[in-house]
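[1] All I have is the shape, not the residue letters:
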């Protein structure tokens, strides 16, 4: 085999690492892949770490010791996150997307991969230190962003459903009060999570917090701790949500009138 | 600014390109990012193309001309796809995952990002030449793999629902006969797609094909052509599906008996 150059090794490692966020690779795996010495791979990784930092592409982390290795984490500075969310807010603001009942049409945004991946990475950056074992969402609209967050953290996604399905096996059902005041059911397969795990809740929309509280109660049934909650959008009203400690990427205010107008702003914590 | 080295430029471009599959970047964008000449960037890209090919990491495509640029496509050889799916099939086979009614529990597989991303890339490789404008799925279980496929193709995802929701605006509803023989409703927001677009259907499970046919009919209402259909799993029975030209990654056969056993195999087209 022709000798592989540093620029080739580094490009390949960047692709492999950034393609599987949170997944640990041993230095030996790369030594074998390239037929290179450990010291060479180590130097390559040091160079990758510096260049990832310089270009705000995320963090390449080395874990030393016998169980050690190298892994990639998408990281966004607050500043770049805020710029991105502010741009998105401008796209969503105005009169065109307001639906009857002061709802906002943004399903398109919630399923455009480039946007969703970025939102998932921003939420992952915010909650990375909570060491969640999985991301939990409630069907349907939040699934892509919850999946993107799980992907960025390198953990599985778990999807709660409105009713238990035959193809998910025995399930735990709970009732909760939805935003519209109805009693609804939330269901999760017994096999989906294990006792004493840590859950990060991610969903698209936070209004009163009824569904989010339902998810917290569902996790209690499984003896799972909820370590964080992230949403794409939170309404300005009601100001008081039935959950605490949540992070939303943007806030929605609808100014009523003959032609109602939406104002979508980046959340204030993105300033910090 | 210190001069940026080739290995640094190449690593950064690999990250940017492979992080946004199907998205075109102009050479000028990279010239500006690095303060480098076009000829230099061109050479970097040629080197990236060779190394991506050599390590089976996908394809870096250069489009020449005024509207040209460079883009990345995840590509998997049939052989590596088959190995991956065969491994997955072995994990899913056996008695432990069979549920009453000969269903198979595999929701965990359908929401583990590393697995889902790979399945999405395999489906994208297969359907890339169909030039779909978006990926269509029906809620719920297939959403992650449909999203991963959309991501790999660089197109949006569109999610049909069981009933129309207030926050999606006016919708088109159709009725269809589900696998269990019930009449069900499928709904899609009018804003979700445009006339004369091309849809790729992706879903988790193909049994009789009732839901898939429903999606085809739904697209007809929007004057949208269905250019392909990909599924994670297809049952061996019934052999005849109510759709044609579909591709499934694996097949499921359940051997009945006191302890029913699942046999999951990679689909035969993966041999080709």
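    The structure has been received and is ready for your questions. Everything numeric in this text was worked out from a predicted model, so none of it was measured. Residues are numbered from 1 along each chain as shown, chains lettered A, B, ... in the order given.
[2] what about the residue nearest to residue A:19 when sequence neighbours are not counted, how many neighbours?
    Nearest non-adjacent residue to residue A:19, counting by C-beta to C-beta, 6 or more residues apart in numbering or on different chains: residue B:18, 6.5 Å away. (Glycine included, C-beta is placed from N, CA and C.) Neighbour count for residue B:18, taken as other C-beta atoms under 10 Å in any protein chain shown: 22.
[3] Residue B:18 against residue A:20, yeah?
    No - with contact taken as C-beta atoms under 8 Å, residue B:18 and residue A:20 are classed as non-touching, separated by 11.5 Å.
[4] Report the contact partners of the residue nearest to residue A:19.
    Applying C-beta atoms under 8 Å, 6 or more residues apart in numbering or on different chains to residue B:18 gives the contacts A:15, A:18, A:19, B:57, B:58, B:72, B:74.
[5] What of residue A:24?
    Shown in contact with residue A:24 (C-beta under 8 Å, 6+ apart): A:63, A:68, A:69, A:70, A:71.
[6] where's the fourth one relative to residue A:41, distance?
    Distance of residue A:70 to residue A:41, given as C-beta to C-beta, to the nearest Å: 9 Å.
[7] Also residue A:169?
    Taken as C-beta to C-beta, the span from residue A:169 to residue A:41 is 44 Å.
[8] who has more neighbours, those two?
    Set residue A:169 next to residue A:41 and count neighbours by other C-beta under 10 Å: residue A:41 wins out with 21 against 18.
[9] And chain B, is stretch A:224-233 touching that?
    No - using C-beta under 8 Å from any C-beta of the partner chain, stretch A:224-233 never reaches chain B; the gap is at least 10.9 Å.
[10] to the chain's geometric centre, what's the distance from that stretch?
    Taking C-alpha atoms, centre = their mean, to the nearest Å, the mean C-alpha location of stretch A:224-233 is offset from the chain mean by 10 Å.
[11] What residues of it count as buried?
    Neighbour-count burial for stretch A:224-233, counted by 16 or more other C-beta atoms under 10 Å in any protein chain shown, picks out A:224, A:226, A:227, A:228, A:229, A:230, A:231, A:232, A:233.
[12] any residues in contact with both of residue A:70 and residue A:41?
    Residues touching both residue A:70 and residue A:41 by C-beta under 8 Å, 6+ apart: residue A:27.
[13] quick check: mean pLDDT across the top helix by length along chain A?
    Using DSSP state H, we find that the single longest helix of chain A is helix A:38-54. Regarding helix A:38-54, the rounded mean pLDDT is 96.
[14] Now do it: distance to the chain's middle.
    Chain-centre distance of helix A:38-54: 27 Å, with C-alpha atoms, centre = their mean.
[15] How about that helix and chain B, any contact?
    Yes - for helix A:38-54, a contact with chain B is found by C-beta under 8 Å from any C-beta, at A:47, A:48, A:51, A:52.
[16] ok, so of those residues, who is nearest residue B:272?
    When those are compared for distance to residue B:272 (C-beta to C-beta), residue A:48 wins out at 37.4 Å.
[17] Looks like the closest one contacts residue A:12 (just checking).
    No - counting by C-beta under 8 Å, residue A:48 stays clear of residue A:12, with 10.6 Å between them.
[18] Which pair of the contacts of residue A:24 spans the longest distance?
    Greatest spatial distance in the contacts of residue A:24: A:68 and A:71, 10.0 Å, computed using C-beta to C-beta.
[19] Now residue A:219: which helix or strand?
    helix A:210-221 (DSSP states H and E).
[20] Mind giving me the packing neighbours of that helix?
    If you count contacts as 3 or more C-beta pairs under 8 Å, 6 or more residues apart in numbering or on different chains; DSSP states H and E, helix A:210-221 packs onto strand A:134-138, strand A:171-177, strand A:183-189, strand A:198-206, strand A:225-235.
[21] Partner strands of the longest one, with direction?
    Spelled out, that is strand A:225-235. Sheet pairing of strand A:225-235 (DSSP bridges) gives strand A:198-206 (parallel), strand A:246-255 (parallel).
[22] got the residues of the stretch 101-250 of chain A near chain B?
    Within the stretch 101-250 of chain A, the positions near chain B by C-beta under 8 Å from any C-beta are A:101, A:103-105, A:107-108, A:111-114, A:116-117, A:139-141, A:143-144, A:147-148, A:150-151, A:154-159, A:161, A:166-169, A:189, A:191-192, A:205.
[23] Of those residues, which belong to strands?
    Under the assignment DSSP state E, those contribute A:103, A:104, A:157, A:158, A:159, A:189, A:205 to strands.
[24] low-scoring stretches of chain A, by residue?
    Within chain A, the stretches with pLDDT under 70 are A:1-2.
[25] Okay, domains of it per the record?
    Annotated domains of chain A cover A:6-73, A:78-271 [automatic domain parsing].
[26] Now do the shortest one: distance from first to last residue.
    Pointing back at domain A:6-73 there. Using C-alpha to C-alpha, to the nearest Å, the end-to-end distance of domain A:6-73 comes out at 22 Å.
[27] relative orientation of whichever strand or helix holds residue A:72 and helix A:38-54 in degrees?
    According to DSSP H and E, residue A:72 maps onto strand A:69-73. Here the directions of strand A:69-73 and helix A:38-54 differ by 20 degrees (axes from the mean of the first three to the mean of the last three C-alpha atoms, to 10 degrees).
[28] buried subset of the residues of the stretch 101-250 of chain A next to chain B?
    Buried members of those, counted by 16+ other C-beta under 10 Å: A:103-105, A:107-108, A:111-113, A:116-117, A:139-141, A:143-144, A:147-148, A:150-151, A:154-159, A:161, A:167-169, A:189, A:191-192, A:205.
[29] So residue A:207 versus chain B, what's the distance?
    10 Å (C-beta to the nearest C-beta, to the nearest Å).
[30] Quick one: residues contacting the residue nearest the centre of chain A.
    For chain A, residue A:149 is the residue whose C-alpha lies nearest the centre (C-alpha atoms, centre = their mean; 2.1 Å). Contacts here follow C-beta under 8 Å, 6+ apart; on that basis residue A:149 touches A:119, A:120, A:121, A:123, A:124, A:127, A:135, A:200, A:202, A:230.
[31] Kindly reformat the residues you listed as JSON lines containing distance to residue A:27.
    Listed next are the contacts of residue A:149 as JSON lines, based on distance: C-beta to C-beta, whole Å:
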{"residue": "A:119", "distance to residue A:27": "33"}
{"residue": "A:120", "distance to residue A:27": "28"}
{"residue": "A:121", "distance to residue A:27": "26"}
{"residue": "A:123", "distance to residue A:27": "30"}
{"residue": "A:124", "distance to residue A:27": "25"}
{"residue": "A:127", "distance to residue A:27": "28"}
{"residue": "A:135", "distance to residue A:27": "29"}
{"residue": "A:200", "distance to residue A:27": "30"}
{"residue": "A:202", "distance to residue A:27": "33"}
{"residue": "A:230", "distance to residue A:27": "33"}
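[32] Make a PyMOL selection of the buried ones in those residues.
    Applied in PyMOL, the following selects the buried portion of the contacts of residue A:149 according to 16+ other C-beta under 10 Å:
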select buried, chain A and resi 119+120+121+123+124+127+135+200+202+230
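[33] Just give the closest residue to residue A:168, not the sequence neighbours.
    residue A:189 (4.0 Å).
[34] Show me what the one you found bridges to in the sheet.
    Bridge pairing for residue A:189 (DSSP bridges) gives the partners residue A:171.
[35] now it: how far from residue A:169?
    Between residue A:189 and residue A:169 the computed distance is 5 Å (C-beta to C-beta).
[36] for residue A:23, same thing?
    For residue A:23, the distance to residue A:169 (C-beta to C-beta) stands at 28 Å.
[37] buried set for stretch A:49-68?
    Buried residues in stretch A:49-68, counted by 16+ other C-beta under 10 Å: A:49, A:51, A:52, A:55, A:57, A:58, A:60, A:61.
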